[in-house]
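Undergrad: Give me coordinates for this.
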Amino acid sequence: MTESYIQNLFAERIGGKQYGKSTAIYKFEKIKRAKRAALAANPGAEIIDMGVGEPDEMAFGDVVAELHKEALKPENRGYSDNGDPVLKEAAARYLDKVCGAQGINPETEVIHSIGSKAALSILPAALINPGDYVLMTTPGYPVFGTHAKYYGGLVHNLPLTEANRFLPDLQSIPAEILAKAKVLVINYPNNPTGASATPEFFAKVVEFALRNRIVVVHDAAYAALVFEGKPLSFLATPGAREVGVELHSTSKSFNMTGWRCGFVAGNELLVKAYGDVKDNTDSGQFLAIQHAAAYCFDHPAITEKIAAKYSRRMGALVEVLRTAGFNATKPKGSFFLYVKAPKGAVKKDGGRVEFKTAEEISQWLITEKLISTVPWDDAGAYLRFSVTFIASDQSEEKRVLAEVARRLSDVRLEF
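TA: Below is the predicted model of the structure:
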């Protein structure tokens, strides 16, 4: 078959003439394929999915009822563009009462987003010129960096290591890169490590940004999912609104991943620029969804209940994995547990399997133990377990975790 002329028209940013010809397989696709193969080889078996990164339950009933009520209002039916005051005002109240970020002006310092992913993909258009550097943490969520590259920007990765409590080492950036850096993207509580920031770290970030004239984008998608104390907002840090913005979302904190709603808050000029680009990107999220999101931000007890469930599951999972040999420690927030990957597994018959990468053991766990995890080899070999596995109640939680323990009990893991 003759190759279509279209093959020669793709933008270089997605591969140009070679678009679609790569044989490389994204790790999440490898996981999906391995799960399908494991089920085909073990008909009727249960795969315990601890790799999924989204809530296992629906939004609470009162939130769904609020959506229904708002969806029936004819005034909510049309384009919402950059939103109305309802979500903005609720966001400002939430930042004040829940996150300790006081004095946010809902009119000029808050704007809605169609989820954090959309915000991370839009913001580079407002900031990045060819040759500009973005400072990103690795492992991490790559969307801002991907879009920065689309605009001719460059990415400098800051490894998250156990030795530095999975916080980026801002002093490690080469001077020649720092001179061209425009944006620092951070995310705490962190995906995938589950690590939490501290007020001292955020203060250092503000000082670093002011000294180097850099914009800070804090992706706070997991901010309210904390197991002790109050959520920590970057915007509660003195000077933070001079240097950056923070992204909040209903996806993880309120079981609303598919609803696609959140907000961007912080520096007035950055919020305005985001809104101007957004005007040329989308026509706004359905107002009924925005108003239901506003209801959520005014009812933080919803997140407290969700976080309590994850905390309970996390404590139990840590015990299971420690018994199996992992050096697991309960994080202070998020729903992710990040542990060093084993280098080998010795079976009861003496047979040994060696793992050179986290990806290798992740595939082995799916194939041999029907346990799905996510591998990370970006800054050392680690596995990410998520406590968003499917379980309808506490009894079912215990059953699932007991099954994980049973499946891991016949091997000795080497680290």
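Undergrad: Per-residue pLDDT of the residue lying closest to Val217 once chain neighbours are set aside, please?
TA: For Val217, ignoring the flanking residues on the chain, the nearest one in space by C-beta to C-beta, 6 or more residues apart in numbering is Val185 at 4.8 Å. All C-beta atoms are positioned from the backbone trio N, CA, C, and that covers glycine. Among the per-residue scores, Val185 shows a pLDDT of 98.
Undergrad: In three-state terms, label Val185 for me.
TA: For Val185, the assignment made with DSSP: H, G, I helix; E, B strand; the rest coil gives strand.
Undergrad: So it sits against Ile214, correct?
TA: No - Val185 lies out of contact with Ile214 (C-beta atoms under 8 Å); the separation is 10.5 Å.
Undergrad: Name the helix or strand for the most centrally placed residue in the chain, please.
TA: Residue closest to the mean C-alpha point of the chain, counted by C-alpha atoms, centre = their mean, is Asn191 at 4.8 Å. Asn191 is part of no helix or strand, with elements assigned from DSSP states H and E.
Undergrad: so what pLDDT did it get?
TA: At Asn191, pLDDT is 96.
Undergrad: Can you pull the phi and psi angles for it?
TA: phi -110, psi 120 (degrees, to the nearest 10).
Undergrad: for it, what are its contacts?
TA: 53, 140-141, 221-222, 334, 336 (C-beta atoms under 8 Å, 6 or more residues apart in numbering).
Undergrad: List just the nearest of the residues you listed to Tyr295.
TA: Nearest to Tyr295 among those is Ala221, at 19.0 Å by C-beta to C-beta.
Undergrad: And what about that closest one, helix, strand or coil?
TA: Ala221 ends up coil, using three-state DSSP.
Undergrad: and if you look at Val216?
TA: Val216 ends up strand, using three-state DSSP.
Undergrad: So what's the residue count around Val205?
TA: 25 (other C-beta atoms under 10 Å).
Undergrad: tell me which element it falls in.
TA: Val205 belongs to helix 199-212, assigned by DSSP H and E.
Undergrad: buried ones in that helix?
TA: 201-202, 204-206, 208-209, 212 (16 or more other C-beta atoms under 10 Å).
Undergrad: Turn those into a markdown table, columns for pLDDT and distance to Arg407.
TA: Output for the buried residues of helix 199-212, formatted as a markdown table (pLDDT from 0 to 100; distance: C-beta to C-beta, whole Å):
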| residue | pLDDT | distance to Arg407 |
| --- | --- | --- |
| Phe201 | 98 | 38 |
| Phe202 | 98 | 40 |
| Lys204 | 98 | 43 |
| Val205 | 98 | 41 |
| Val206 | 98 | 46 |
| Phe208 | 98 | 45 |
| Ala209 | 98 | 46 |
| Asn212 | 98 | 49 |
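Undergrad: quick check, Thr137 in a strand?
TA: Yes - counting by three-state DSSP, Thr137 is part of a strand.
Undergrad: In this structure it contacts Ile186, no?
TA: Yes - look at Thr137 against Ile186 with C-beta under 8 Å: they come within range, at 6.3 Å.
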